[in-house]
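>>> have a look at this fold, sequence not included:
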């Protein structure tokens with residue numbers, strides 16, 4: 001009978017194969033289809049927090065740096081350069097400039 005295991009159960013079996021059964025990390029990683037670095041991460045998480053720590057984790061960042069100003073991001077692209085224009089700059093324009101200064105250049 002074929003039984004489908006959850007992701008957490010698969011991770012747990014891989015960790016146990018290394019920790020309890022003495023298998024080599026490289027062999028278990030190959031059989032599981034993950035990198036050895038990933039398996040080492042699972043082992044560290046399991047040893048630190050037990051079975052529950054093998055559950056999927058969020059990839060969402062803890063903080064957001066949107067509170068920084070344009071001068072913080074790029075001094076040459078700051079408000080003093082833009083203020084030579086006699087018209088005030090809208091919040092939307094400032095936001096667009098902030099986002100464009102964070103983008104990586106094209107290759």
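Ah, there it is. Keep in mind it's a predicted model, so treat the numbers as computed, not measured.

>>> mind listing the helices for the chain?
With helices called from DSSP state H, the chain shows them at 7-19, 25-32, 36-49, 70-73, 79-82, 91-102.

>>> buried sites along the first one?
Same thing as helix 7-19. Across helix 7-19, burial judged by 16 or more other CB atoms under 10 Å covers 10, 11, 12, 14, 15, 17, 18. Just so you know, the C-beta spots here come from the backbone N, C-alpha and C atoms, and that holds for glycine as well.

>>> from these, which single one is nearest residue 56?
Closest approach to residue 56 among these (CB to CB): residue 11, at 9.5 Å.

>>> gap between the closest one and residue 23?
14 Å (CB to CB, to the nearest Å).

>>> skipping adjacent residues, who's closest to residue 14 in space?
In space, and not counting its chain neighbours, residue 14 is closest to residue 32: 4.8 Å by CB to CB, 6 or more residues apart in numbering.

>>> domain map for this protein?
7-54, 70-102 (automatic domain parsing).

>>> what is the mean pLDDT for the last one?
So that's domain 70-102. Looking at domain 70-102 alone, the average pLDDT works out to 57.

>>> stretch 32-41 now?
Per-residue pLDDT over stretch 32-41 has a mean of 96.

>>> what of stretch 55-64?
Here stretch 55-64 scores 82 as its mean pLDDT.

>>> flag every buried residue along it.
Within stretch 55-64, no residue qualifies as buried by neighbour count (16+ other CB under 10 Å).

>>> ok, stretch 41-60 next?
Buried, per 16+ other CB under 10 Å, within stretch 41-60: 42, 43, 45, 46, 54.

>>> show the end-to-end separation of that stretch, please.
End-to-end distance for stretch 41-60, by CA to CA, to the nearest Å: 18 Å.

>>> same question for stretch 26-40.
Distance between the two ends of stretch 26-40: 10 Å, counting by CA to CA.

>>> do the same with stretch 45-57
11 Å.

>>> got the contact list for it?
For stretch 45-57, contacts defined as CB atoms under 8 Å, 6 or more residues apart in numbering pick out 7, 8, 11, 12, 15, 19, 42.
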